[in-house]
Structures are given as structure tokens and as C-alpha cells.
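Q: here is a sequence with its predicted model. Questions after.
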Amino acid sequence: MGNSLAVEPLLSLAVTVTSEQHVESVLRNIVQGLASQPAVALTRIWLLPSSDLPGLCHGDLPDCLCLVASAGTPLNSPGEDWSSLQGQFARVPFHVGKVGQVAATRNPILVKDVAAKSDWIVRPDWAKREGIRSFAGHPLMFREKLLGVMGVFSREPLDDQEVIWLGLFANQAAVAIANARAFEEVERLRRELEGENDYLQERVQQGFEFGEILGTGRALKDVLRQIRVVAPTDTTVLIGGESGTGKELVARAIHDLSRRRSHPLITVNCASIPRELFESEFFGHVKGAFTGALRDRIGRFQLADKGTLFLDEVGEIPLELQSKLLRVLQEGTFERVGEDRARRVDVRVIAATNRDLFDEVDAGRFRRDLYFRLCVFPLRMPPLRERLEDVRILAEHFEQLASKRLKIPHAPLTHSDLELLGSYAWPGNVRELQNVIERAVIISQGGPLQVDVVLGPCGTKLHSAPVRASVLSKDEMKRRERENILKALEHSKGKIYGPDGAAAILGMKPTTLTSRMKKMKLQAPQSA
């Protein structure tokens, strides 16, 4: 055996790298351990493209190797950084040069005398200057699958026995790389599972707005027909409609009827996210990316991979972040906050808004290109005043749900109850109807529902005849909504949050109410 490589250090190095659980640490230990051998000038590892590789290697052509680790000691090349992963040899196609030949044939190569076989050396001047005498290249194989190539440049001649020992070490190195990748994949899945668990816990705490889409009226049938048409596709859907009409139920129905139904439906309420946390909420962040980032966090887009992402109240997304949302919609790639690695996802996006987004575009508050990217298939959920024929079935359904949940005896709706419910404008739509029925169940305590009692305190006006959308102008609806909010604030003594706050009385989320008050330039009474 020659003097280039010692057996015992190789055995010790093999044990060290096998115990590592991170690919980056395995690769670094391999090249640094080999480069520390007295006669070894340079050690490098090239791997096939994979999602765990940095930079340009992610998603590259499969028949091309990527330089992922390098270590060595230059003697006569001042200024050269032999640990750099950039440059002429950062990418090596199959069949090109020594490394490409090893990858293509899966067989090792030994160049005993570099000077005699100069055709194998791309930079003979470098080899001469650094005193390179031999080169050994070994394929990194795991379960008959090529992972990459390990190359060693020596300043002393390598003999056949040393090449055999290098081959045995290369086999151990391949096992270590494969195991580290498996460990990292398990860790990634664990983090994703934690993220999904956190998300599901949030959803359980929030509860679902309504049980399911109910109704037999023509307006709802038109919506259901459109759902059946668009659900099997991967088309982006924009659901419009007033607050409380059930836009999230429409998104869930589209997802359940799609080919993605076996994967998650992730919901993001864009109105409830602080402006400074939007990017982290959507795309995730790495530990230390900003103050308070104590651990890595998976964003909603990654949680929804292969599934559906529902962006509720999408008009609330800050203008400066809309370009990043547009990028992931168009290219399917994003970067976590604090990370320069591009990640790819396969997500179908369904968005919802209670605003007229086209007006927002004209006002310069919403990007035009993002609007048209979201509005591929527009779908409008009609307000309850256009679905008065569905009030009865909805009210009976909510009464049964409330009685069961609150453990209060069932109380059927009377004919007079239905007349009152059908004579109301329902500015809060289905959500308001659910809250009205629940309040009636609580007050009635098993007796006849007192719908007239619970409608009164909300400060709403009853009409002698059903109010159709065609009767009320847009200005009239805005005026009535303003009056309704003012009366609710008066009744709650200016309190917005809580079970006795104005938002609960109106049957809407506090964030939605504060947003509308800001838009209408309303202030709560100072007694609050």
C-alpha cells in the first residue's frame, strides 16, 4: 500500500459520517476528513439534483451532477477557495470528463499518473502547479441507485489497494447520505404534521360558520350548478358575496368535489392577519428570521401542497405583498422568510371577497394582474334576501343544531315565526339568521320560539312584505347597514368584542365590523 491514504482514519471517518443525521454535516465531514489525509490535495462530492440541494441544483436536469461539497489545501494557487461550490465544475453532465464518466457507467475510475493521461485533466496547468499525481473517482450507490460521485485528487500516487479502500468508504458514505436524507425527511414531515395540527386546532377553536349548504331556491341552485362545473378542474375561483352568505362553504364544496379532496383544504382569513406577519403566514419562516421567530414555521401554501388554499377576504392583502402572491400563483414557487431557497408547491387557490375588487383595482388598492389571475372563474354567493324561499329550511336546521348543542328541548318554528323571518332584510345574511335562531332557542327554553323578541333588540327594522334585492338601491342598502351598525353599537354601549358586543349582535366577526366602521367613518360611543 502506498503512503497516500491510511486505513484507520478512513474507518474512523466512516463511523463519524454514519452517525450524522443531516445531509450537510455528512457531506462536510466526508470531504474535510478525506482532505485531512497527508497526501490528499482536494476532495469533492457531486450529487444528482434533489430537493435537498442548494441553489440551482434544485429541479435541474436529471442527467447532470451538482457540486455539493468540496475541501482541500492549495499550495501554489493563492486566492483560490477550494471549498467553493461555484465555478467551472459546479455542474457536470453525464459522460463529460472523469466525474461524468463515473456517473454514466457507475464504475470507479483511477488515474494513477495524471501527467501520462493529460486528456483526463481539464486543467493540466493547475494539476502541474499543485503537484497532482493521481485521481480516484467512485460512484456513490445506495440500493443500486446512483446518488452521485466522490472524487479524490492526490499529490502522491494511488495504488489499487488504496482505491479498493476508497471504494469501501464510498459505499459507507452513500449509506450515510441516504440515511441523513431519510432523517431530514422524517423531520420535515414531523414539522408539517405539527403545522397541520396547529392549523386544525385553530379551526376547531374557531368553529365552522354553518353546517352545510342548504336550500332549494333558484338562486342557490345556480350556484350549485357552477360548483359542479368548476370543481373537477384546477381553475382558480373567486367567490364574491356579502359577509355571512357562506362563501367558505362554497370553497369547501369545490374542494370536496375536486380531485384534491384527499389532500388538505387550508383556510386563511386575510382580514385577521397583522400586516407585518402576512408573508410569514403565507410562506412560513426560518428560525431567527425576525424577532419572535423562535423556530421554523411552515406557511399555509406549504400546508396546502397538493390540496386547496382558501383565501378569505382576499381584498385585505396589503398592496406591497400582492406581487409575492402573484408569483406563487403564476410560478408555483415561494421562499420562506429568512431563507433564499425556492420551494415548489402544487396548490389550487380559491379566493373570496365581500368587496368589489374591480373597484379596488380602479382605486389602486389591488393589483390588476392579480385580480385577473384570481378571477378566472368568478362565482357569486347570493345574499339571503335573494333566497327568502330558503329561510325556512335554514331556520329549522339551525334550530335543531342549537337545541342539540345547548341541550335545550326542541322548539318548532311557528307560521308567524316564518312570516317574521321572511319579512326581514337580513343584512348579516345566513350568519345572522343562525345567530337569531340560537338566541330564540336560548330565550324560549323549549317553549315556542320567540323570534319577535330576538329580532327587536338588534335594532333592525321589520317590513310588512318580503324585501327583494331589486326593490332596494345600493345607496339605500348602505344607509340601512349604517343605521343597523349604529343601533347595534348603541345597544352594546359601544362594545364591539365579546358575546354581548355589537359584532355578536350583528352576527359578524369583530374584525369585519371594525373594517366596515372604518370604511363608513363610524366611531363607537365614547361611553365604551
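A: All right, it came through fine. Numbering: from 1, shown residues only.

Q: for the nearest residue to residue 421 once chain neighbours are set aside, give me its contacts.
A: With CB to CB, 6 or more residues apart in numbering as the measure, residue 391 is the residue that lies nearest to residue 421, at 5.1 Å, once sequence neighbours are left out. Where you see a C-beta, it was placed from the backbone N, CA and C, and this is true even at glycine. The contact partners of residue 391, taken as CB atoms under 8 Å, 6 or more residues apart in numbering, are 384, 418, 421-422, 433.

Q: now residue 150, what's its secondary structure?
A: Following DSSP: H, G, I helix; E, B strand; the rest coil, residue 150 is assigned to strand.

Q: for the stretch 201-350 of the chain, which spans come out with low pLDDT?
A: Scanning the stretch 201-350 of the chain for pLDDT under 70 picks out the ranges 201-212.

Q: the longest helix in the chain is where?
A: Determined from DSSP state H, the single longest helix within the chain is helix 160-206.

Q: so which elements touch that one?
A: helix 7-18, helix 23-35, strand 134-142, strand 145-154, strand 297-298, helix 300-303 (3 or more CB pairs under 8 Å, 6 or more residues apart in numbering; DSSP states H and E).

Q: roughly how far apart are residue 184 and residue 126?
A: In this view, residue 184 and residue 126 are 35 Å apart by CB to CB, to the nearest Å.

Q: let me see the contact set for the spatially most central residue of the chain.
A: Geometric centre of the chain, nearest residue: residue 301, 1.4 Å, by CA atoms, centre = their mean. Contacts of residue 301 were listed using CB under 8 Å, 6+ apart, and they are 282-284, 309, 328, 334, 345, 347.

Q: of those, just say which sits nearest to residue 149.
A: residue 345 (30.8 Å; CB to CB).

Q: shouldn't the closest one be in contact with residue 335?
A: No. Using CB atoms under 8 Å as the test, residue 345 is too far from residue 335 to be in contact (11.6 Å).

Q: okay, domains of the chain per the record?
A: 7-184, 208-380, 386-520 (automatic domain parsing).

Q: for residue 147, which non-adjacent residue is spatially closest?
A: Leaving out its chain neighbours, the residue that sits closest to residue 147 by CB to CB, 6+ apart is residue 140, at 4.3 Å.

Q: ugh, wrong one, residue 446
A: For residue 446, the closest residue by CB to CB, 6+ apart turns out to be residue 409, at 3.3 Å.

Q: picking that back up, nearest to residue 497 among the contacts of residue 301?
A: Closest approach between these and residue 497, by CB to CB: residue 282, at 26.1 Å.

Q: out of everything not next to it in sequence, what's closest to that closest one?
A: Nearest to residue 282 is residue 299, by CB to CB, 6+ apart, at 5.3 Å.

Q: for the residue lying closest to residue 89 once chain neighbours are set aside, what are its contacts?
A: Spatial nearest neighbour of residue 89, chain neighbours left out: residue 67 (6.0 Å); criterion: CB to CB, 6+ apart. Contact analysis of residue 67 by CB under 8 Å, 6+ apart lists 44-46, 85, 89-92.

Q: which of those residues sit farthest apart?
A: 45 and 91 (13.6 Å).

Q: with neighbour numbers in mind, choose between these two.
A: Neighbour comparison, residue 45 and residue 91: the larger count goes to residue 45, with 26 against 17 (by other CB atoms under 10 Å).

Q: bridged to the more buried one, which residues?
A: residue 69, residue 150 (DSSP bridges).

Q: my guess is it meets residue 27, correct?
A: Yes. Between residue 45 and residue 27 there is a contact under CB under 8 Å: 5.7 Å.

Q: what touches both of these two?
A: With CB under 8 Å, 6+ apart as the test, residue 45 and residue 27 both reach 68-69.

Q: surely residue 334 is within a helix?
A: No. Residue 334 is assigned strand when assessed by three-state DSSP, not a helix.

Q: can you get me a residue count around it?
A: Residue 334 has 22 neighbours, counted by other CB under 10 Å.

Q: over to residue 164?
A: 12.

Q: pLDDT below threshold where in the stretch 51-200 of the chain?
A: By pLDDT under 70, the low-scoring segments of the stretch 51-200 of the chain are 51-62, 116-120, 194-200.

Q: if we use 80, what do you get?
A: In the predicted model of the stretch 51-200 of the chain, residues 51-63, 77-79, 114-122, 188-200 satisfy pLDDT under 80.

Q: and the stretch 351-500 of the chain, by the same measure?
A: 411-412, 414-416, 444-480, 491, 498-500.

Q: could you redo the last one with a cut-off of 90?
A: Along the stretch 351-500 of the chain, the parts satisfying pLDDT under 90 run over 355-360, 362-363, 385, 387-500.

Q: hey, where'd the strands end up in it?
A: Secondary structure of the stretch 351-500 of the chain, counting by DSSP state E, counting those that start in this stretch: strands at 377-380.

Q: now the helices for it?
A: Taking DSSP state H, counting those that start in this stretch as the criterion, the stretch 351-500 of the chain carries its helices at 357-362, 368-374, 391-406, 415-422, 429-444, 451-455, 474-491.

Q: can I get the ones you listed in a markdown table with distance to residue 258?
A: Formatted as a markdown table, the helices of the stretch 351-500 of the chain follow (distance: least, CB to CB, whole Å):
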| stretch | distance to residue 258 |
| --- | --- |
| helix 357-362 | 23 |
| helix 368-374 | 17 |
| helix 391-406 | 25 |
| helix 415-422 | 34 |
| helix 429-444 | 23 |
| helix 451-455 | 38 |
| helix 474-491 | 34 |
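
Q: out of the ones you listed, nearest to residue 103?
A: That would be, of the helices of the stretch 351-500 of the chain and by CB to CB, helix 368-374, which comes in at 40.7 Å.

Q: what comes up buried for that closest one?
A: Neighbour-count burial for helix 368-374 flags 370-371, 373-374 (criterion: 16 or more other CB atoms under 10 Å).

Q: what helices or strands is it leaning on?
A: helix 322-331, helix 357-362.

Q: tally of neighbours for the closest residue to residue 501 other than its chain neighbours?
A: Leaving aside its chain neighbours, residue 501 sits nearest to residue 495 (4.5 Å; criterion: CB to CB, 6+ apart). Counted with other CB under 10 Å, the neighbours of residue 495 add up to 19.
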